[in-house]
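S.K.: sharing a model that was predicted from the sequence below.
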Protein chains: 2
Amino acid sequence: MITIPFNKPYLTGNEVKYIENAVSRGKISGNGYYTKICQDLFRKKFGFKKCLLSTSCTDALEMAAILADIKDGDEVIMPSYTFVSTANAFILRGARIVFVDSRSDHPGMDESQIEALINHRTKAIVPVHYAGVACDMDLIMKLADKYNLFVIEDAAQAIDSYYTGSDGIKRPLGSIGHLAAFSFHETKNIISGEGGMLAINDERFIDRAEIIWEKGTNRSAFFRGEVDKYGWVDLGSSFLPSEIIAAFLWAQLEKLEEIQSKRLEIWEFYLKELQDWSISKGVNLATVPNFATNNAHMFYMVCKDVKQRKCLIELLKKNGILGVFHYLSLHKSEFYREKHDGREIPLADHYSNCLIRLPLFYELSEKELKKITETLKSF
Amino acid sequence: MITIPFNKPYLTGNEVKYIENAVSRGKISGNGYYTKICQDLFRKKFGFKKCLLSTSCTDALEMAAILADIKDGDEVIMPSYTFVSTANAFILRGARIVFVDSRSDHPGMDESQIEALINHRTKAIVPVHYAGVACDMDLIMKLADKYNLFVIEDAAQAIDSYYTGSDGIKRPLGSIGHLAAFSFHETKNIISGEGGMLAINDERFIDRAEIIWEKGTNRSAFFRGEVDKYGWVDLGSSFLPSEIIAAFLWAQLEKLEEIQSKRLEIWEFYLKELQDWSISKGVNLATVPNFATNNAHMFYMVCKDVKQRKCLIELLKKNGILGVFHYLSLHKSEFYREKHDGREIPLADHYSNCLIRLPLFYELSEKELKKITETLKSF
């Protein structure tokens, strides 16, 4: 019997009120009032050139793959230790995925291994900011410049997290690559059930992104009076979420700072309480490189082996606590192992086997937190 | 100043209550309680083998295109007089679209013209049940059998509408082809803002559909205990809507009969009031073939020419009424005209130029209805 779940969606209190308001405005399909105010806030707060809400982060990645004009045989470089959508979005356009291993100090991809994987078919690099912790974007953007590649940040977990490059400027994740995708799935810091967003930083993509978002039509330009009738001008899909979803998200956005600071408190409690214990057990706790900030999306630990992880998950479970593992290396998946080029990707496998995530949600009480750390310490 | 809009989303009253309930269940991502009860009700009421809610009808069509294994160079036959998503979903998989003209008595596609367009590259036929009125499915299914093609019903407008074939059996639209896609966009009879559903009638597709729906993973089978861990096994996307959307839809579904009968009343009022007038003006009113039922999704009129339509739309507008035209022939669109094979498709063009839709929504009052018909009669 689980008494402390791994995740619990947090409601700020205004969600239903804003949904009612969206409904009373007589428009609950996409691209209405709440969509616009959410997009505006994201744009202004994080300095993206343009934002488009989507029905999921998966869909935002699919928009990015269309915008990057990914075609049969193009290669896209990304970590093996990531969610399936990072890869699927590009495979749907015909791409071959070239997987990079993770860093030894962090499950994010090892930037130093990317260049050796670039060839004339390479079209894009997709850094995944695992746990909301930045990849070393200076290195990645330099490679993109050198080889003329697109960088599409998978910022699913990375809202309100930052990267400081060699110029000393602190930039929001998702504002650095040409394009970026965010998730508002119920497991994220701010949520809308299912939901996501495409952030566009390279202005060349803005007009086309809006068209693709509106099912391949120039409907948005029409409603701004820029064209006198609208029609089918490009590929596209229905990437817009309902106003019901956008209204929900708006209530979350209003409380972004409060949510972030509460999550950070929890994260730091874990770190402080578990530090000595983890050293004694050969467990590595989550780390944040100097160039990155911590948005406290996730608190994870890397066990010394798969057996230790199994025992820890069982111990937690016996005490009513749900700790969970995370991704399984994509290069070893049933779907892709035959398509993979056969390289060993050992650290991705290591994190697949040994990483464990602890409960982390707004309403996690101090008492529950203590129960979790005390349970672990009894191991 | 418009006082009678073209559409107004109707709320049955329980939408917000069910959304609150979904939230209180602690799960607002997809495939939860409300998703399941919606899917079960659709399946039982309409005899589909399996239903999967989606974020839009567009997305349901995209799932169908993946399931039908549409590949580069495959041809897909569909009407030119349809929404862009009917075509985009297949183009995203590499298909070439072969457009069929509309019927002279109805904007739906002329079934008698399909066979001449079939060749060895043809993979699927996509009948669009325009205005919720059935295509002649006997003819289409016979062709599919003869040439081994998939039939994917675009039933976006066709919920709770029926077709009676030569065997005398009345079958729900969406239950006849191998696959079918429905829309719950705010302009439809029952709504969820943005939303849709894939109906699966050919059992061979059931397992794979669920995988594609869950981002290419066998997560659903895992939660049923059929596999001991879940992973990446296929292509896929995030086609699941949030439970917030499903909860909204459930409130609508509870009132399906009430909504349908009210819409039918409005539809019949138009028909009765406008019959004599339309004959005198050379305007053709919406018709329903003997093999089809009418779900009163739409009341449309076909003017004798584009000039007459323009005058009628202006007359309505001057009286505060929003009447609108509908699709523009896809074979003449900026996106597809160069890709089209050059055939003339005159009736699709005729409906593009001459069709006008009148306001039709649950809360349209008798007074408003009378104002609309009286305004038209003053023409």
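M.R.: Yep, that arrived. Residues are numbered from 1 along each chain as shown, chains lettered A, B, ... in the order given.

S.K.: does A:L360 touch A:E268 like I think?
M.R.: No - between A:L360 and A:E268 there is no contact under Cβ atoms under 8 Å: 11.4 Å. All C-beta spots, glycine's among them, are computed from the backbone N, C-alpha and C.

S.K.: which one's more surrounded, these two?
M.R.: Legend: neighbour count by other Cβ atoms under 10 Å in any protein chain shown for A:L360 and A:E268, higher for A:L360 (22 against 13).

S.K.: can you tell me how far the more buried one is from A:L264?
M.R.: Using Cβ to Cβ, to the nearest Å, we find A:L360 at a distance of 10 Å from A:L264.

S.K.: go on, A:D167?
M.R.: 26 Å.

S.K.: those two: which is more packed in?
M.R.: Neighbour tally, A:D167 and A:L264, criterion other Cβ under 10 Å: the higher count belongs to A:L264, 14 against 8.

S.K.: my read: that one touches A:H297, true?
M.R.: No - using Cβ under 8 Å, A:L264 is not in contact with A:H297, being 10.3 Å away.

S.K.: which element, helix or strand, includes the residue lying closest to A:K215 once chain neighbours are set aside?
M.R.: Spatial nearest neighbour of A:K215, excluding adjacent residues (Cβ to Cβ, 6 or more residues apart in numbering or on different chains): A:G236 at 4.5 Å. Using DSSP states H and E, A:G236 falls within no helix or strand.

S.K.: how about the contacts made by A:G236?
M.R.: The contact partners of A:G236, taken as Cβ atoms under 8 Å, 6 or more residues apart in numbering or on different chains, are A:66, A:211-217, B:84, B:88.

S.K.: which of these fall in helices?
M.R.: Taking DSSP state H as the definition of helices, these contribute A:66, A:211-213, B:84, B:88.

S.K.: could you dump these into TSV and include neighbour count?
M.R.: Shown next, in TSV, are those (neighbours: other Cβ atoms under 10 Å in any protein chain shown):
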residue	neighbour count
A:I66	22
A:I211	22
A:I212	24
A:W213	25
B:V84	28
B:N88	26
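
S.K.: can you classify the residue nearest in space to the middle of chain A by secondary structure?
M.R.: Against the mean C-alpha coordinate of chain A, by Cα atoms, centre = their mean, the closest residue is A:A156 at 1.3 Å. With DSSP: H, G, I helix; E, B strand; the rest coil as the basis, A:A156 sits in coil.

S.K.: okay, it and chain B: tell me how far apart.
M.R.: 11 Å (Cβ to the nearest Cβ, to the nearest Å).

S.K.: let me see the confidence value for that residue.
M.R.: Note on A:A156: pLDDT of 98.

S.K.: can you classify the residue nearest to A:E273 when sequence neighbours are not counted as helix, strand or coil?
M.R.: The shortest distance from A:E273 to any non-neighbouring residue, by Cβ to Cβ, 6+ apart, is to A:T373 (4.0 Å). Here A:T373 is recorded as helix under three-state DSSP.

S.K.: so A:T373 makes contact with A:Y270?
M.R.: Yes - contact criterion Cβ under 8 Å: A:T373 and A:Y270 qualify, at 6.8 Å.

S.K.: looking at the two, which is more packed in?
M.R.: A:Y270 (24 against 16).

S.K.: remind me which helix or strand the nearest residue to A:G323 once chain neighbours are set aside belongs to.
M.R.: In this structure, A:G323 finds its nearest non-sequential neighbour in A:L316, 4.4 Å apart by Cβ to Cβ, 6+ apart. Using DSSP H and E, the element containing A:L316 is helix A:306-318.

S.K.: so which bits of that helix are buried?
M.R.: Buried residues in helix A:306-318, counted by 16 or more other Cβ atoms under 10 Å in any protein chain shown: A:308-309, A:312-313, A:316.

S.K.: check stretch A:331-340 too.
M.R.: Quick answer for stretch A:331-340 (16+ other Cβ under 10 Å): A:331-333, A:335-336, A:340.

S.K.: show me which of these is closest to B:N201.
M.R.: Of all the buried residues of stretch A:331-340, B:N201 sits closest to A:F335, with 26.2 Å by Cβ to Cβ.

S.K.: which two of the ones in helices among the contacts of A:G236 lie the greatest distance from each other?
M.R.: A:I66 and B:V84 (14.5 Å).

S.K.: report the secondary structure state of A:N7.
M.R.: coil.

S.K.: so is A:M301 in a helix, a strand, or just coil?
M.R.: strand.

S.K.: which helix or strand contains the spatially closest residue to A:K332 that is not a sequence neighbour?
M.R.: Nearest residue to A:K332 in three dimensions, chain neighbours excluded: A:D349, at 7.0 Å (Cβ to Cβ, 6+ apart). Assigned by DSSP H and E, A:D349 belongs to helix A:346-354.

S.K.: mind giving me the packing neighbours of that helix?
M.R.: Judged by 3 or more Cβ pairs under 8 Å, 6 or more residues apart in numbering or on different chains; DSSP states H and E, helix A:346-354 is in contact with strand A:299-302, helix A:306-318.

S.K.: dump the ones you listed to CSV, plus mean pLDDT and distance to B:I28.
M.R.: Formatted as CSV, these follow (pLDDT from 0 to 100; distance: least, Cβ to Cβ, whole Å):
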stretch, mean pLDDT, distance to B:I28
strand A:299-302, 98, 22
helix A:306-318, 97, 25
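
S.K.: mind saving the C-alpha coords of the helix or strand harbouring A:D59 as CSV?
M.R.: Using DSSP H and E, A:D59 sits within helix A:57-67. The C-alpha coordinates for helix A:57-67 follow below in CSV (Å, rounded to 0.1, in the frame of the first residue of the first chain):
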residue,chain,number,x,y,z
CYS,A,57,6.1,18.2,-25.7
THR,A,58,6.1,15.3,-28.2
ASP,A,59,4.0,17.4,-30.6
ALA,A,60,6.4,20.4,-30.1
LEU,A,61,9.3,18.1,-31.0
GLU,A,62,7.3,17.0,-34.1
MET,A,63,6.8,20.6,-35.1
ALA,A,64,10.5,21.2,-34.7
ALA,A,65,11.3,18.2,-36.9
ILE,A,66,9.1,19.5,-39.6
LEU,A,67,10.6,23.0,-39.3
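
S.K.: next secondary structure after the longest helix belonging to chain A?
M.R.: For chain A, the helix with the greatest residue count under DSSP H is helix A:256-281. Note on helix A:256-281: by DSSP H and E, the next helix or strand toward the C-terminus is strand A:284-285.

S.K.: quick one: strands adjacent to that following strand?
M.R.: Strand A:284-285 pairs in its sheet with strand A:299-302 (antiparallel), by DSSP bridges.

S.K.: so what touches the strand it pairs with?
M.R.: Contacts of strand A:299-302 (Cβ under 8 Å, 6+ apart): A:107, A:131, A:266-267, A:270-271, A:274, A:278, A:283-286, A:326, A:350-351, A:354-358, A:360.

S.K.: likewise for stretch A:57-65?
M.R.: So stretch A:57-65 is contacted by A:52, A:54, A:85-86, A:88-90, A:92-93, A:95, A:126, A:152, A:154, A:156, A:179-185, A:196-198, A:209, A:212-213, A:237, A:239, B:55, B:215, B:237-238 (Cβ under 8 Å, 6+ apart).
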